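> I would like the atomic coordinates for the input below:
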Amino acid sequence: MESMSPPTINRYTSTRRGQSKRLLPCRSNTKLILCILCGLVLGYNFRPSMDVNATSSASKTPADIGRIVYGAKNKGDETAKYVSMAIDAGFRHIATASMHADYQESGVGAGWKESGVAREDLYLQTLFVGEDVNGWNTKDCHLEDCDAKRSLEDQVHFSIQSSLTNLQTTYIDAVLIHNFRARLQPYDNIIREYRVLEEYVDKGVIRHLGIVSCHDENILKQLYDEARIKPKIIQNRFHGNRQFDVKLRPLFKELGLVNQLFWVLTGNGGFLRNETVKRIAKEKNLTVQQCMYAFTLSIGASPMIGSQTLQHMKEDVDMNNNFSMWTLEDKKDFASVLRQQGLANF
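Numbering: from 1, shown residues only. Presented below is the predicted three-dimensional model:
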């Protein structure tokens, strides 16, 4: 099968690399020639086929990685509604997945479009899910031959093209390689997938790369060392059966990785009834759910949040906007509830 190629560099890419600049604000046809001459003198690239009165949104600086992330998992046909609500509440970092049974990536594209917020003000993140990884599904693929068998490299190419279509965008802020729980793909597969993703970073189609459910220090080090474009995000489950990644956290910091956490409430709901958690929450004027999220911020991580009411979404955003670093004593008290005292050291 002929290998698929990355898309051509888009207008966003060209602008970021300085290959195109904002057009002169010509206001009428009578000034068109003067505008062109001035543009040539000042070094502007004039493109008559474009609206000369338009301001290129691509000239804006793209959004930063969010400190809190809205997760679009398990939202089904209401994904667009919830994503639009989350953006309205103040979320700017949205996470989804390509070709995964638990995600409707196209709903994220529809949701951010409905929100009215500029693309460059949002950080859109997705996952590459290989055909052999648990959860792979083509129900949200809207290209031709979605179920065709492909080489691993072409799976990546096809997934990125599908994501660009679903998300209604010319670039993706982050693509992470998905692993199911702690069942890591063979490293040879991971690095082959990663090499293809690096091509898209070179083209400006992807900004950042990362990996999901990697609790293996040696694999993470090997990937970082061998990557030409270093991973930026490590997304892991926040749960006692992974010891909350206490032993890995120094490595995350050393490598400059943003640590996104899923299962923050789902996997730790029982702790929210603890009297110590209730006391800390009351002292900080937070709900117990906000308190759990704030604790993850206090240890330098980024919680992934899946709230489904506008009120809860606004509470999540308010927690983030008003967050101040916890004292060591507060962190120790909370960490003791989770039975992982080492968490207080971060």
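
> pull out the buried positions in stretch 177-187.
177-180, 184-185 (16 or more other C-beta atoms under 10 Å). Just so you know, the C-beta spots here come from the backbone N, C-alpha and C atoms, and that holds for glycine as well.

> reformat these as a markdown table; add pLDDT and distance to residue 79.
What follows is the buried residues of stretch 177-187, written out as a markdown table (pLDDT from 0 to 100; distance: C-beta to C-beta, whole Å):
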| residue | pLDDT | distance to residue 79 |
| --- | --- | --- |
| 177 | 98 | 22 |
| 178 | 98 | 18 |
| 179 | 97 | 23 |
| 180 | 94 | 21 |
| 184 | 95 | 28 |
| 185 | 96 | 26 |
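
> sort out for me which of those residues are in helices.
Among the buried residues of stretch 177-187, DSSP state H puts none in helices.

> quick one: the helices in the chain, in order.
Listed in chain order, the helices of the chain (DSSP H) span 11-16, 32-42, 79-89, 105-115, 152-167, 187-203, 217-226, 249-255, 275-283, 288-298, 310-321, 328-337.

> how about the residue nearest to residue 149 when sequence neighbours are not counted, what does it touch?
Counting by C-beta to C-beta, 6 or more residues apart in numbering, residue 149 lies nearest to residue 131, which is 7.8 Å off, once chain neighbours are set aside. Neighbour list for residue 131: 149-150, 155 [criterion: C-beta atoms under 8 Å, 6 or more residues apart in numbering].

> quick one: which of those is most hemmed in?
Highest neighbour count within the contacts of residue 131, by other C-beta atoms under 10 Å: residue 155, with 22 neighbours.

> pretty sure it contacts residue 132?
No. Taking contacts as C-beta atoms under 8 Å, residue 155 lies outside contact range of residue 132: 9.3 Å.

> so where's this protein uncertain?
Across the chain, the ranges flagged by pLDDT under 70 are 1-59.

> now with 90, please.
Across the chain, the ranges flagged by pLDDT under 90 are 1-60, 181-183.

> and the residue lying closest to residue 128 once chain neighbours are set aside, how many neighbours?
Ranked by C-beta to C-beta, 6+ apart and with sequence neighbours excluded, the top spatial neighbour of residue 128 is residue 159, at 5.0 Å. If you count neighbours by other C-beta under 10 Å, residue 159 ends up with 27.

> if anything else comes up later, I'll come back, but that's it for now.
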